[in-house]
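Asker: sequence? don't have it. structure:
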């Protein structure tokens with residue numbers, strides 16, 4: 001598990017928690033798995049999939065009746081993220097408020113994270 005011991009990788013707003021619980025009850029799933037993948041104009045995209053079986057490597061975040069699983073490769077990108085569910089006249093959906101994002105495309109579907117520096121080796125290059 002990545003992050004601070006005793007602190008969940010993500011938090012859910014009451015609206016997100018209620019929507020996830022509603023989806024779980026309606027469809028009989030174990031929860032939603034959240035991750036990131038390469039794609040989009042900014043380089044990365046969030047993913048959300050229904051979960052029928054919890055992977056032992058996932059970080060599980062529970063809030064009331066809602067359950068979210070964080071895919072292992074996404075944990076470092078999502079640490080500190082708040083997941084909200086917003087409804088407007090034109091659209092409704094989950095919104096990620098992620099302090100790790102350094103850039104996003106205009107539509108908000110694609111994100112970019114700060115690039116990590118590659119550790120330098122003490123071995124001289126020949």
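Answerer: Structure's in. What do you need? Note that the structure is predicted; figures quoted are calculated from it, not measured.
Asker: can you tell me what sits against the lengthiest helix in the chain?
Answerer: Ordering each helix of the chain by length in residues (DSSP state H) puts helix 14-27 first. Contact partners of helix 14-27, identified using CB atoms under 8 Å, 6 or more residues apart in numbering, comprise 12, 29-32, 50, 63-68, 83-86, 94. No exception for glycine: its C-beta is placed from N, CA and C like everyone else's.
Asker: just the strands in this structure please.
Answerer: Counting by DSSP state E, the chain has strands at residues 10-12, 31-38, 44-51, 59-63, 66-70, 81-87, 92-97, 101-104, 110-113.
Asker: single out the most deeply packed of those.
Answerer: Each of these was given a mean neighbour count from mean count of other CB atoms under 10 Å, and the largest, a mean of 24, is that of strand 66-70.
Asker: so what strands line up beside that strand?
Answerer: The sheet places strand 66-70 alongside strand 31-38 (parallel), strand 59-63 (antiparallel), with pairing taken from DSSP bridges.
Asker: off-centre distance for the longest one?
Answerer: Centroid displacement of strand 31-38 relative to its chain, using CA atoms, centre = their mean, to the nearest Å, is 6 Å.
Asker: same check on the shortest one?
Answerer: Going by CA atoms, centre = their mean, the spacing between the C-alpha centre of strand 59-63 and its chain's C-alpha centre is 12 Å.
Asker: now residue 57, what are its backbone angles?
Answerer: The phi and psi torsions at residue 57 (degrees, to the nearest 10) take the values phi -90, psi -10.
Asker: just the pLDDT for it.
Answerer: Reading off the per-residue confidence, residue 57 sits at a pLDDT of 92.
Asker: from residue 64, how far out is the nearest residue to it once chain neighbours are set aside?
Answerer: Leaving aside its sequence neighbours, residue 57 sits nearest to residue 72 (CB to CB, 6 or more residues apart in numbering; 4.6 Å). Counting by CB to CB, to the nearest Å, the separation of residue 72 from residue 64 is 25 Å.
Asker: more crowded one of those two?
Answerer: Set side by side, residue 72 and residue 64 give different neighbour counts by other CB atoms under 10 Å, the larger being at residue 72 (15 against 11).
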